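Student: Return atomic coordinates for the entry below.
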Amino acid sequence: MEKKLFKSQRQTAEELITEYINLCNKYDELEHIGLKVELKFFSIDNLLHWALDLIGFPQDTTLEADGINGKFFCRDYLTNSTLLDEVSGENVHNSVEEYVDFLYKELEMLKKEEPLLFQ
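Tutor: Okay, the predicted model is just below:
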């Protein structure tokens, strides 16, 4: 198999999400044995936000005064997946690939329903 010089946007998003999940699991393992890890220079959540940025979602504007063209967007519903939270996730995804498929479908629906968010 020929190795490509650059990864696709989708592959990069999948890798970011995979690393997010792996780091969350390691963090939980450390917390379970009583070690508290404080990340001062890096937030694990950034990996997930970068993946959402790369896929094409608008920024979360819930804390901004004007939103985007007067519209407000909250990314929270995009993270409501059993892949990210086995206990309270509502959308069932068994793999990163399934979750990324879900994200791309949500992006297409959002573009149709709220085109002003993308101008």
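Student: pull the longest helix from this structure.
Tutor: In the chain, with assignment by DSSP state H, the single longest helix is helix 9-32.
Student: Does anything pack onto the following helix or strand past that helix? Which helices or strands?
Tutor: Along the chain past helix 9-32, the next helix or strand (assigned with DSSP states H and E) turns out to be helix 45-55. When contacts are defined as 3 or more CB pairs under 8 Å, 6 or more residues apart in numbering; DSSP states H and E, helix 45-55 sits against helix 9-32, helix 96-113. (Glycine included, C-beta is placed from N, CA and C.)
Student: Measure how the longest one sits relative to helix 45-55, angle-wise.
Tutor: Between the axis of helix 9-32 and that of helix 45-55 there is an angle of 170 degrees, by axes from the mean of the first three to the mean of the last three CA atoms, to 10 degrees.
Student: Helix 9-32 vs helix 96-113, what angle?
Tutor: Using the same axes, to 10 degrees: helix 9-32 against helix 96-113 is 120 degrees.
Student: and for helix 9-32, what are the contacting residues?
Tutor: Here helix 9-32 makes contact (CB atoms under 8 Å, 6 or more residues apart in numbering) with 7, 36-37, 44-45, 47-48, 50-51, 54-55, 83-84, 96-97, 99-100, 103-104.
Student: residue contacts, the residue nearest the centre of the chain?
Tutor: The centroid of the chain falls nearest to L48 when counting by CA atoms, centre = their mean (3.6 Å). The neighbours of L48, taking CB under 8 Å, 6+ apart as the test, are 16-17, 20, 79, 84.
Student: neighbour-wise, which of those leads?
Tutor: Across the contacts of L48, the neighbour count under other CB atoms under 10 Å reaches its highest value at I17, namely 24 neighbours.
Student: ok, so what distance separates that residue from E98?
Tutor: 11 Å (CB to CB, to the nearest Å).
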